[in-house]
Each structure stands twice: as C-alpha cells, then as structure tokens.
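> Need coordinates for the following:
(2 chains)
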Amino acid sequence: MIETNSKIVLQGVKKAFGLKSVLNGVNLKIGRGESLVVIGGSGTGKSVLLKNILGLLTPDEGSIEIDGSSVVDLAWKERETLLRKVGMLFQNAALFDSMSVWQNITFGLAAQKPIPENEALEIAILKLAAVGLNADVARLTPAELSGGMRKRVGLARAIAGNPEILFFDEPTTGLDPIMSDVINELIVSCVKELGATALSITHDMASAKKIADRIAMLHCGEIIWTGSADQIFNSSNKYVEQFVKGRAEGPIHTEVLLP
Amino acid sequence: MAPLSTIGRSVLTFLRAIGQFFIFVTRSIIHCVIPPFYPRIFVRQIIEIGYLSLPVVGLTAIFTGMVLALQSFTGFSRFNAEGAIANVVVLSVTRELAPVLAGLMVAGRIGAAMAAEIGTMRVTEQIDALTVMSTNPFKYLIAPRVLAGTIALPCLVLIADIIGVMGGYIVSVYKLGFNPANYLHKTWEFLQPIDVISGLVKASAFGFIISLMGCYHGYTSKGGARGVGKATTSAVVSASILILGINYIVTEIFFAGSK
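Numbers count the residues shown, from 1 in each chain, chains lettered A, B, ... in the order given. Down below sits the predicted model:
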C-alpha cells in the first residue's frame, strides 16, 4: 500500500542490458511537491533509472508507481494520459531541430489539442519570459541558440504544460558555473511556482545542493544513501563522502588506470 | 565450447534482430491505418520523396530510354529487326527499368536522408522527448514516411515511364531516323495495361521498403555520429538489395505464366 503523500514510488527496480546489470533493486520514494536529486558517478545507472520511470525503458523486475498506480507496461493510451502530467529537461535539451523555438515549446500542448498559431506563439513567449529569455528568441531555430539558451528553452518546454512532475537529466552539464547557477535558480523557481514534484539526476554537487530538498546517492545500481540536502556534506557514508569531495581515493573505484 | 557459444550467440543475435525488425514492421503498418494521423508531415514527406526526387528520377529515365534505343538498334539491326525497338523500349522501361532505377535512386536519396534524420533524433534524445510529450514516435515519425513512400514512388515511376519512352523516341527519331508517327504507333500498339500496372505495383512495394528501411535503421541506431553513419549505409544497402529481390518476386507473380 502506498503512502498518500508519495508521488513516485520505486520498489526493487532491476534493469540489465545483456549480462551487464545496471539497476540492482532500487527502492526510492519521492513525496508530493518534493525535489529529490539522485547523484552518482558516470555510468551508475542514473539515466536508466529516469528512463524506467518515464516508460522509455521497461524494468526487468520491481514496481514503479506514480500517484499509486503502476506505470510499468502501460498501454499507450494510459501512458499518454500519465505523460501529460510530466515535463522533462533533457541533458542536451533535445530540442527538435526542424522546428522553431516557439514550436518546440508548445509541441506538447499542441499534441493534446490543436492550438491556433498566434495563441501558441503567445504561450511560448510567456514561457520564455519565465526562463529569462525575450520574445525575439521565439522565432529562432535551436541551431541559432547557445548552450545556456538551449537549456532555458528546454526548461520552458518542460514547464509549458504546467506539469505535476518535472524530471531534470543533468541540467547543468556543459555549462559554465554562472550559467549553471542561472539554470539552478530557474529550476528552483519553476518547481516552486508549479508546486511540482521534481526528480533530478546530476553529478554536479553545487546543482544538487541548490535544487534538492532531499538527495539520494546511486552506486552500483542501488540507492546507498538518502538524506536532506544539508546533510550531504556531513554524511558519515564513505561513498558519499568520496563523491561529494571528488577524491580519486576511496571505496568507489573509477575505471581509470592511474599512472 | 568457445566456438559453439560464439555460433550460438551469433544465431541468437540474428534471431533477435529478425524479431525486432518484424515487430517494427507490424507496428509501422498498424500506425499507418489507425488514427490520429499527421497530414502536414505526410504532405511534407510526399513533397520530399515525390516532388524533390523528380529531377534525379527524370534524368535517370531519359538517359536510360536513350541508351536502350541506341543499344537495341545496334543489336537488332544485325537481324533486320529494327522495328522492334519501340516495343523493347516501352516494355523494358515500364516493366523493369523505370521502377527499379527510380527505386534505387530514391533509396540513395530518401532512404539515406530518413535514416540520418531519424538516427540523429535518436542519438540526441529527440525521439525520447517526443514520447515524453505524449506523442507516439511511430505515428509522428514512421507512419507518415512509410505511407508517403508507398504512395509517392508509383507517381514518380509513372512520370519516369513517360520520360523514359520519350528518351527512346528522341534517339530513334532524331538520331536513327525512324518515322515519328510509326514509332509512336508501335509504342502504343505493344503496350498493355499490365505492363504499366506491374511497374506501379513494384514501385509501391519499393517505396514501402525504402521508407521502412530508412526509418528502421534510423530508429534503431545508437552510438553517436558513427552509429548514424552506419544506419545510413545500412538503410541504403538493405533497401537496394530488397528492391532487386522484390523486383524478381513481383515479376514472377505478374508474368511467370505469360508468353
């Protein structure tokens, strides 16, 4: 039985690709309106975890529930209904090259019901303003945008449908520290304004600390630690300590041959 | 045991690929006939596959008709059978050369473009973004392309038939000195509806195969730029081979019993 204040619940989620096991029984609960950040090294299965929740991958074992209903192996109609509650910012924004910025932002809305072009443009300009971009950007194509602008347009697209759940996949990857902070601030304000539940995955500790209410660490396909954002730097867990301090020495072995 | 396990693994990989392909084909066909449809994308693909391929297919057809008339004359004049040139040109063009050569040219132009576009969308997570925005990629990306390919290629081949026969006419009349009225009469006299219809059926099958191969290899591509390059090559090679194979099968079905 699911607790009523849990928005997303994962129990014993396992996923393997051939002989390589990526998730080895992930247990995770995300409360309604909570912002949870999953941290972990590269290749620890963070993106796979996110894709399993979104239904882009199907777990081999375990259950994933959103609002108390299983989301594993849903028929397309049911998945479509579920996905209308969801917004996602992809690692490289994943903007559609063949469309202008405003078409990208309103794509999800137009997929639900046709919107007149001028109305869609107005919505897009409003969402662009919410992420600190001016109206001129609306008519540009993704190829004409800088990395930071692409992320902001991606964020505008994610929040366009006023979703109940927001997913952020490495939101600050490839950005300079100032732009990373701008994106983090925008994420915090958008999540708060929408009252949404947020799940982010990152290995950027500054970003995690800024956007998280709670942090979970994924290592070897399992959640090995969870705690509040304030506790992360004073954790007694050796794995967490090595990760947040960015040390090469410690229990986490990197696949690098040291000289 | 090592060689046996290698063989076993290869067989399993092959069977998995076959299964994956047939599931893809089935899903593509189902989404071609079940709404919602995306008429705008369908029209854009018709223009891309049909209208924009006209120059390359037209040039191929005219030169093929011209060469055919010239070569037939060289051979037939040895037996005083020059009068059969019009017959040979019209039958060869409508039954075989127009559909097969147009198919191969379109496979190079469109199959490659589809694989590259969809492959890039796959590796840059644009297909995942489509799904997250509750848009079925099969309906949005695959079905309009497959339908457009199946419909546009017969139209192209019909035009190629006319241009090919015209090429033969130009060489026969202006270079070899045939009587124009007599040449046209002989062309029309020998032409049966089945000659054109069989070519159009072939073209439709080729159009389906070309777009299906482009979409399949693009949709299943992985591994960044190298993966997209590989998908593009595979799309063109597999479509070209299948065109030649299906050409024989359709010819067998239409003409195996005829004299």
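> How about the contacts made by A:L121?
A:102, A:106, A:138 (Cβ atoms under 8 Å, 6 or more residues apart in numbering or on different chains). To be clear about C-beta, it is placed using only N, CA and C from the backbone, and glycine gets the same treatment.
> Can I get those in a markdown table including distance to chain B, secondary structure and pLDDT?
Formatted as a markdown table, the contacts of A:L121 follow (distance: Cβ to the nearest Cβ, whole Å; DSSP: H, G, I helix; E, B strand; the rest coil; pLDDT from 0 to 100):
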| residue | distance to chain B | secondary structure | pLDDT |
| --- | --- | --- | --- |
| A:W102 | 15 | helix | 96 |
| A:T106 | 10 | coil | 95 |
| A:A138 | 18 | helix | 95 |
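> Export only the CA atoms of stretch A:105-121, formatted as PDB.
The C-alpha trace of stretch A:105-121 is given here as PDB (Å, rounded to 0.1, in the frame of the first residue of the first chain):
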ATOM      1  CA  ILE A 105       7.800  25.000 -26.500                       C
ATOM      2  CA  THR A 106       4.200  24.400 -27.500                       C
ATOM      3  CA  PHE A 107       4.700  21.000 -29.100                       C
ATOM      4  CA  GLY A 108       3.400  19.100 -26.100                       C
ATOM      5  CA  LEU A 109       0.400  21.300 -25.800                       C
ATOM      6  CA  ALA A 110      -0.400  21.100 -29.500                       C
ATOM      7  CA  ALA A 111      -0.100  17.300 -29.200                       C
ATOM      8  CA  GLN A 112      -3.000  17.300 -26.800                       C
ATOM      9  CA  LYS A 113      -5.300  19.600 -28.700                       C
ATOM     10  CA  PRO A 114      -4.700  21.900 -31.700                       C
ATOM     11  CA  ILE A 115      -3.800  25.500 -30.800                       C
ATOM     12  CA  PRO A 116      -4.100  28.400 -33.300                       C
ATOM     13  CA  GLU A 117      -0.600  29.600 -34.300                       C
ATOM     14  CA  ASN A 118      -0.800  33.100 -32.700                       C
ATOM     15  CA  GLU A 119      -2.100  31.600 -29.400                       C
ATOM     16  CA  ALA A 120       0.800  29.100 -29.400                       C
ATOM     17  CA  LEU A 121       3.300  31.900 -30.000                       C
END
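> got a list of contacts for the helix or strand B:A116 falls within?
Per DSSP states H and E, B:A116 falls inside helix B:112-123. Residues outside helix B:112-123 that contact it (Cβ under 8 Å, 6+ apart) are A:96-97, B:48, B:126-127, B:130, B:141, B:145, B:211, B:213-215, B:217-225, B:227-228, B:231-232, B:234-236.
> Any idea how far it is from the middle of the chain?
Distance of helix B:112-123 from its chain centroid, counting by Cα atoms, centre = their mean, to the nearest Å, is 19 Å.
> now do stretch A:165-177
8 Å.
> For A:Q242, give me its contacts.
Contacts for A:Q242 (Cβ under 8 Å, 6+ apart) come out as A:249-252.
> Wasn't it part of a strand?
No. With DSSP: H, G, I helix; E, B strand; the rest coil as the criterion, A:Q242 is helix rather than part of a strand.
> Just confirm A:A143 contacts A:D97, I think it does.
Yes. A:A143 is within contact range of A:D97, at 6.6 Å (criterion: Cβ atoms under 8 Å).
> Which one's more surrounded, those two?
A:D97 (13 against 8; other Cβ atoms under 10 Å in any protein chain shown).
> right, and the secondary structure at the residue nearest the centre of chain B would be what?
Against the mean C-alpha coordinate of chain B, by Cα atoms, centre = their mean, the closest residue is B:G103 at 2.8 Å. Going by three-state DSSP, the secondary structure assigned to B:G103 is helix.
> my guess is it meets B:I210, correct?
Yes. Contact criterion Cβ under 8 Å: B:G103 and B:I210 qualify, at 6.8 Å.
> Name the surrounding residues that touch whichever helix or strand B:I62 is part of.
For B:I62, the element it lies in under DSSP H and E is helix B:54-76. Applying Cβ under 8 Å, 6+ apart, the external contacts of helix B:54-76 come out as B:82, B:84-85, B:88-89, B:92-93, B:97-98, B:101-102, B:105-106, B:109, B:156-157, B:159-161, B:163-172, B:175-176.
> Repeat that for stretch B:87-99.
Residues contacting stretch B:87-99 (Cβ under 8 Å, 6+ apart): B:61, B:64-65, B:68-69, B:72, B:76, B:157, B:160-161, B:164-165, B:168, B:172, B:186-187, B:190-191, B:195-196, B:198-200, B:202-203, B:206, B:247, B:251, B:255.
> so of these, which ones are in helices?
Per DSSP state H, helices hold the following members of these: B:61, B:64-65, B:68-69, B:72, B:76, B:157, B:160-161, B:164-165, B:168, B:186-187, B:190, B:195-196, B:198-200, B:202-203, B:206, B:247, B:251, B:255.
> Correct me if wrong: A:W76 contacts B:N136.
Yes. Using Cβ under 8 Å, A:W76 is in contact with B:N136, at 6.1 Å.
> Compare these two (neighbour count), which wins?
Taking other Cβ under 10 Å, A:W76 and B:N136 do not tie; B:N136 has more neighbours (18 against 14).
> That one: what's it in contact with?
Taking Cβ under 8 Å, 6+ apart, we find B:N136 in contact with A:76, A:80, B:31, B:130.
> Swap in 10 Å and give it another go.
Neighbour list for B:N136: A:76, A:79-80, A:111, B:27, B:31, B:36, B:130, B:142-143 [criterion: Cβ atoms under 10 Å, 6 or more residues apart in numbering or on different chains].
> Any chance of a ChimeraX selection covering the buried ones in those?
ChimeraX command restricting the contacts of B:N136 to the buried ones, with burial defined by 16 or more other Cβ atoms under 10 Å in any protein chain shown:
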select /A:79,80,111 /B:31,130,142,143
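> will you turn the contacts of B:N136 into TSV that also has secondary structure?
Below are these laid out as TSV (three-state DSSP):
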residue	secondary structure
A:W76	helix
A:R79	helix
A:E80	helix
A:A111	helix
B:R27	helix
B:H31	helix
B:P36	coil
B:L130	helix
B:I142	helix
B:A143	helix
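> And the average pLDDT for stretch A:199-219 is what?
Mean pLDDT, computed over stretch A:199-219, is 91.
> Show me which parts of that stretch are buried, residue by residue.
Within stretch A:199-219, the residues scored as buried using 16+ other Cβ under 10 Å are A:199-205, A:207-212, A:214-219.
> for chain A, what spans make up the helices?
Assigned by DSSP H, the helices in chain A fall at A:46-54, A:76-83, A:101-105, A:107-112, A:117-130, A:147-159, A:177-194, A:205-211, A:238-245.
> Quick check: residues of the stretch 101-250 of chain B near chain A?
Residues of the stretch 101-250 of chain B lying close to chain A (Cβ under 10 Å from any Cβ of the partner chain) are B:117, B:120-121, B:124-136, B:138-140.
> mind redoing it with 6 Å?
For the stretch 101-250 of chain B, the contact set with chain A under Cβ under 6 Å from any Cβ of the partner chain comprises B:125-126, B:128-129, B:132-135.
> Just want the most central residue of chain A.
Most central in chain A (Cα atoms, centre = their mean) works out to A:F168, at 2.0 Å.
> Can you tell me how far that one is from chain B?
Counting by Cβ to the nearest Cβ, to the nearest Å, the separation of A:F168 from chain B is 12 Å.
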